[in-house]
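3D, please:
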Amino acid sequence: MNVIKTTFLMALMTALLVWVGDLVAGRQGMWLFLLFAAGMNFFAYWFSDKAVLRMYQAQPVTEAQAPELYDTVRGLTQHAGLPMPAVYLVPSESPNAFATGRDPQHAAVAVTQGILRMLTREELEAVLAHELAHVRNRDTLTSCIVATLAGAITMMSRSAMFGGRGRRGGDRGGSPIMMLIAIVAAPLAAMLVQMGVSRTREFAADRSGAELSGKPLALASALRKLERGVIAAPMAMATEATAHQFIVNPLRGGIAGLFSTHPSTDERVARLEEIARTMPAALRRG
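This is a model prediction of the structure:
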């Protein structure tokens, strides 16, 4: 169901791209915008992992430096049949974690100092399983494609403010009502679809992570603690552009909470509790 929903939302964004591009810049201009956005996101796909790790001052850690963390990640990757990712530590007391990398062979898992102090070993294992589920599900690729489409739509809409070619090529802007929709409504719609894809992938990673660790209730408990922890100690270096990568939104309150890329913690916990009720005993691991 999550795969179907993601596919539908991405198809909806593609249709929005074609409509806005044709309206604002004509068919030829539409493809130019798309190619430009694709070029930016191609660069992001290959190098964003290094950029994000550098942005959050993440430092690689060895097994000797963090034996419990390293052992937990290794055990989960072996159970999942994944290559061992690089392990990083973020110097922040705000409790959180994220995974990055373009594919399982080039993945990295990063945790903050705060999450290591806050969670029990079982809760940390469940969180790391969630992040490795993102790696296994190749959610980085999905996010990159959606970002390409959303970026192209936003650029096209901004160009409409300076006068688009319109459908007929010679008139500037075409219908004023249609141009207003392109300028205001289309970027908002693209953002909402992008949020829908991100939230769908979070639910999928929650389920996959719960199955990988065998501890859905530990993940539910961890999410509750992390939400409270982020509110108490927000991550000062966090940005809207990278917030979707964390297991809980590092930007709390105000408009950031309203347009969050993450589902509500209550809904995630309710789903995890349902998974725990229906999970076969053979899959539970403590």
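
now the strands for the stretch 51-200 of the chain?
59-60, 86-90, 97-100, 108-112 (DSSP state E, counting those that start in this stretch).

May I see those organised as TSV, with distance to H130, mean neighbour count and mean pLDDT added?
Glycine gets a C-beta too; all of them are placed from N, C-alpha and C. Shown next, in TSV, are the strands of the stretch 51-200 of the chain (distance: least, C-beta to C-beta, whole Å; neighbours: other C-beta atoms under 10 Å; pLDDT from 0 to 100):
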stretch	distance to H130	mean neighbour count	mean pLDDT
strand 59-60	21	12	97
strand 86-90	15	20	98
strand 97-100	8	25	95
strand 108-112	10	25	97
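
In CSV, list these along with distance to L12.
Shown next, in CSV, are the strands of the stretch 51-200 of the chain (distance: least, C-beta to C-beta, whole Å):
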stretch, distance to L12
strand 59-60, 39
strand 86-90, 34
strand 97-100, 26
strand 108-112, 31
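
Go through those and name the closest to L16.
strand 97-100 (27.4 Å; C-beta to C-beta).

Figure out how far that closest one is from the centre of its chain.
Centroid separation for strand 97-100 versus its chain: 9 Å, with C-alpha atoms, centre = their mean, to the nearest Å.

Give the other helices and strands that that strand contacts.
With contacts taken as 3 or more C-beta pairs under 8 Å, 6 or more residues apart in numbering; DSSP states H and E, strand 97-100 sits against helix 2-55, strand 108-112, helix 121-136.

Between these, which one is closest to V193.
helix 2-55 (4.7 Å).

Okay, angle between the closest one and strand 86-90 too, please.
Counting by axes from the mean of the first three to the mean of the last three C-alpha atoms, to 10 degrees, helix 2-55 lies at 60 degrees to strand 86-90.

Pull the distance from helix 2-55 to the chain's centre.
Taking mean C-alpha positions (C-alpha atoms, centre = their mean), helix 2-55 and its chain are 15 Å apart.

Listing request: residues of the chain with sub-threshold pLDDT.
When residues are selected by pLDDT under 70, those of the chain lie in 1-3, 5-6, 10, 25, 29, 144, 160-175, 252-259, 282, 286.

Leaving out the residues flanking it, which one is nearest to the residue minimising distance to the centre of it?
Taking C-alpha atoms, centre = their mean as the criterion, H244 is the residue nearest the geometric centre of the chain, at 3.7 Å. Distance criterion C-beta to C-beta, 6 or more residues apart in numbering; nearest residue to H244, sequence neighbours excluded, is T261 at 3.8 Å.
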